[in-house]
Structure formats: C-alpha cells, structure tokens
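>>> Sequence and predicted structure, then a few things I'm wondering about:
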Amino acid sequence: MLNDKKVSYSGIQPSGNLTIGNYLGALKNFSEYSEKYKTFYCVVDEHAITVRQVPAELRKRTYETLALYLACGLDPEQNCLYVQSHVPAHAELAWILNCYTMFGELSRMTQFKDKSAKHANNVNAGLFTYPVLMAADILLYQTDVVPVGIDQKQHVELARDIAVRFNGVYSDTFTVPEPIISKTGKKIMSLAEPTKKMSKSDENANAVVYILDDKDTVIRKFKRAVTDSDTEIKYAEGKDGINNLMTIYSCFTGKEFDEIEREFAGKGYGEFKLAVGETCADCLAPVREEFNRLLKDKAYLETVMKNGAAEAAYYANKTLSKVRRKVGFVNL
Ligand code: AQP
C-alpha cells in the first residue's frame, strides 16, 4: 500500500521490438489498474543487458518502449512511468537481496535454464541473478499485484519467498506481492513453432508479430502460421497452432472459444487466419499511429522519464533506507 492505495508494478525489457505476446500478456492489461491502484510501470533496461545488446539499439528501444507504454494509453499523470537504470535503488536492493536468495532457488528458475541454453557462450552471473533484480524492482514499491504473462509467474513467486524470508528475519519490511496472470493472453505462442512462447528475441521474424508491424506484414505472418492437417476450427488438444490463433482472436475481440467455433463453423483455416490477421492489425493500428507521433517528440519522452524517475526514486529510497537500517548498515 502507498498513500492508502494498493500498488501495481510491472516492467518490460527493451531487449527487442515488443510482440503481441508482450502486449496481450502484459502491456494491454496495465491500464486496468490505473484508477484503483498506485501504478509503477518500468522499462527494465538493466534486465536487458543480461543478454548482449548493441548499445545504440538498447538506447533506441528504451525510448520506443516508453513510447509504447504511452501509446497503449498509460497516462504519465496517473501512472509512474520510468526507466530502471535511472533509479539506482534497484541495483542496490538487488545486491542486498542476493544475500537472502539461495543458489538452489535460482538454479530452479526455468527462464535461466532456457536462456542459458540459448546463450551458451554468455551464461553470465546477471542472467543467473536476474530474478533477484526483479524481486528488488517489485519489493521496492511495496507492491501488491504484478500483472505479468505466465512465464514470469515463477519469478514473482520467488520475489514472494524472498519478501517472506526477509520479513521473517527482520520484521515486516516488504509487502508480499501476488502475480496477476490474465486468463487468455497469458502465453501467446510462436506462429512458427506453436509449442514455444512467442518472444521478442526470436531470430525468426515470421514466428513473431510485433506490435508495430504494418497491416500487410501482420496479415502475411498470420497467413503463414503453422497449423495442422485437420480442417476444423476448434480449441482442442494437439491443435497448438489453431489454439494459439483462437487465443489471439479471443484476446482482441473478447469472444469466448465456443463463440469463435460457431463463427467459423464450416469455414477453412485460410479464412480464419485472415480474420485473425485483420482483427489484430486493426486493433493495433491506433497504437502504432500514436507511437509514431510520440516517438518524434524525444524531449517529451525525456520529460516523462525524468518525472517518472524522480517519483519512483522517492518511494524506492524510502524502502531502501528501511532495508539498510534493518540489515545493519550505517546511515549517515
Ligand atoms: N508470449 C507471451 N505471451 C504472454 N505474455 C508474454 N510476455 C512475454 N512474452 C509473452 C510478458 O511480457 C512481459 C514483459 O516481458 P519481458 O520483456 O520482461 O521478458 P520476457 O518474458 O522474457 O519476454 P520476451 O518477449 O520473451 O523477451 P526476450 O525475448 O528478450 O526474452 C512479461 O510480463 C511477460 O510475462
């Protein structure tokens, strides 16, 4: 709780162009919390460097990710929007929490296992301790809820464990956060390999629909989406490709699966894929338009970053100074 309001916190890495997975699993849902909660939405650039980035690209994507937050309707007057590396308390708390996190716990994180397999030549300590930095992000703001896709659930659960452990040793310090996972958009799958999560860092651009893809590109990608040899548009086991397309269509239209099955009864996969592509492109068109407008105004984006960082630092430093005192550091 902050100022009598519950707190919602989440972040997205500027580690690539944002996908409809990031959008449906996280970003689209952020604004739902703006009225009832005190909200913090961060561009987590420190997380992004756990995988090698081209510096100029990282800088560019940091602006772009913030512009996308705004283009998706997050008003900076109502939501604290900021960049992680602008608030040093994140890195400082992460170090402290490292000392309250077990090696075994981090070894069990599935994202670490996946990413270390994918980046076998750069299995750095940051990749391993990524969930501790994420715990620091969340716990600094006395967060109650963390809206995320299902892939991040394990990390939020670890943040809970760390909070409970620290509170147990030193008395109540951190609010224990809850992950909030959206019902349908929690895991959007790759269009090329529908048993694999859609990821912004996927090397196959046809596997991924980016929020900023133009209409023709979106439709082309959906037309090429991998499905199966069946013909029925039905949500069923073994039909991963169709299940994924139905999920995406459901997220954009609000329709339930049985309604979608009735809508496309007797119709072919081609017609369905076209409908999903057109719906997705049309829903994203206003976001793209607003993004293009905002990106031209770098000064405005920097003002949002500065104001957001100042506000975030105010709350973060309150928690950090409490933590410093509890663990026994001398505060001058
Ligand atoms: N495919 C997805 N379906 C639903 N939600 C997703 N998220 C990511 N992919 C999907 C959610 O988006 C938020 C931000 O994710 P992130 O940038 O912190 O990192 P990530 O989960 O590792 O996302 P990516 O796209 O897979 O990034 P890379 O390729 O850099 O690793 C989170 O809430 C996440 O759950």
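Yes, it's here.
>>> what's the neighbour count on Ser107?
Number of residues near Ser107 (other Cβ atoms under 10 Å) recorded here: 10. Glycine gets a C-beta too; all of them are placed from N, C-alpha and C.
>>> max-length helix in the chain?
With DSSP state H setting the assignment, residue counts place helix 298-327 as the longest helix in the chain.
>>> which parts of this structure sit against the ligand?
Contacts of the chain with the ligand, taken as Cβ under 6 Å from any ligand atom, map to 12-13, 15-16, 19, 21-22, 24-26, 148-149, 151-152, 185-188, 197-201.
>>> Just the buried ones from those?
Among the residues of the chain next to the ligand, the ones that count as buried by 16 or more other Cβ atoms under 10 Å are 12-13, 15-16, 19, 21-22, 24-26, 148-149, 151-152, 185-188, 197-200.
>>> quick one: buried residues of the strand or helix carrying Asn292?
Assigned by DSSP states H and E, Asn292 falls within helix 269-295. Going by neighbour count (16+ other Cβ under 10 Å), the buried part of helix 269-295 is 269, 272-273, 275-277, 279-281, 284, 287-288, 290-291, 294-295.
>>> Over to stretch 193-210?
Across stretch 193-210, burial judged by 16+ other Cβ under 10 Å covers Pro194, Lys197, Met198, Ser199, Lys200, Asp202, Ala207, Val208, Val209, Tyr210.
>>> How about stretch 32-45?
Buried residues in stretch 32-45 (16+ other Cβ under 10 Å): Tyr33, Ser34, Tyr37, Lys38, Thr39, Phe40, Tyr41, Cys42, Val43, Val44, Asp45.
>>> What of stretch 247-256?
Thr247, Ile248, Tyr249, Ser250, Cys251, Phe252, Thr253, Lys255.
>>> Now do it: distance to the chain's middle.
Distance, stretch centre to chain centre, for stretch 247-256: 19 Å (Cα atoms, centre = their mean, to the nearest Å).
>>> residue ranges of the helices in the stretch 1-150 of the chain, please?
20-22, 28-30, 45-48, 55-71, 89-98, 103-107, 110-118, 125-139 (DSSP state H, counting those that start in this stretch).
>>> and among those helices, the most buried is which?
helix 20-22 (a mean of 25; mean count of other Cβ atoms under 10 Å).
>>> just to revisit the earlier point, which ones among the residues of the chain next to the ligand are found in strands?
Ile12, Val148 (DSSP state E).
>>> Excluding chain neighbours, what is closest to Met134?
Closest residue to Met134 apart from its sequence neighbours, by Cβ to Cβ, 6 or more residues apart in numbering: His155 at 5.1 Å.
>>> Could you tell me whether the one you found really is in a strand?
No: counting by DSSP: H, G, I helix; E, B strand; the rest coil, His155 is located in no strand; its state is helix.
>>> Might one say that it is in contact with Phe112?
No: judged on Cβ atoms under 8 Å, His155 makes no contact with Phe112 at a distance of 9.8 Å.
>>> overlap in contacts of the two?
Common neighbours of His155 and Phe112 (criterion: Cβ atoms under 8 Å, 6 or more residues apart in numbering): Tyr130, Pro131.
>>> List the contacts of stretch 154-174.
By Cβ under 8 Å, 6+ apart, stretch 154-174 touches 97, 100-101, 105, 109-111, 130-132, 134-135, 138-139, 142, 146, 148, 175-179, 319, 322-323, 326-327.
>>> before we move on, back to that, could the buried residues of stretch 193-210 be laid out in CSV, adding distance to Ile162 and pLDDT?
Output for these, formatted as CSV (distance: Cβ to Cβ, whole Å; pLDDT from 0 to 100):
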residue, distance to Ile162, pLDDT
Pro194, 34, 97
Lys197, 25, 95
Met198, 29, 96
Ser199, 26, 94
Lys200, 27, 91
Asp202, 30, 91
Ala207, 34, 97
Val208, 32, 98
Val209, 35, 98
Tyr210, 34, 97
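>>> Now distance to Arg262 too, for those residues, in TSV please.
Output for those, formatted as TSV (distance: Cβ to Cβ, whole Å):
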residue	distance to Arg262
Pro194	23
Lys197	29
Met198	27
Ser199	32
Lys200	34
Asp202	33
Ala207	29
Val208	30
Val209	25
Tyr210	31
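>>> Of those residues, just say which sits nearest to Glu232.
Among these, Pro194 lies closest to Glu232 (Cβ to Cβ), at 16.3 Å.
>>> Provide a list of residues in contact with the residue of the stretch 51-200 of the chain found nearest the ligand.
Nearest residue of the stretch 51-200 of the chain to the ligand, counting by Cβ to the nearest ligand atom: Gly149, 2.3 Å away. Counting by Cβ under 8 Å, 6+ apart, Gly149 makes contact with Gly21, Asn22, Gly25, Ala26, Ile181, Ser182, Gly185, Lys186, Lys187, Ile188.
>>> now these as CSV including pLDDT?
CSV is the format used below for the contacts of Gly149 (pLDDT from 0 to 100):
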residue, pLDDT
Gly21, 96
Asn22, 95
Gly25, 93
Ala26, 92
Ile181, 94
Ser182, 88
Gly185, 91
Lys186, 94
Lys187, 96
Ile188, 97
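>>> How far does stretch 154-165 sit from its chain's centre?
Using Cα atoms, centre = their mean, the offset of stretch 154-165 from its chain centre is 18 Å.
>>> buried set for it?
With the criterion 16+ other Cβ under 10 Å, stretch 154-165 contains buried residues His155, Val156, Leu158, Ala159, Arg160, Ile162, Ala163, Arg165.
>>> Perfect, I'm done here.
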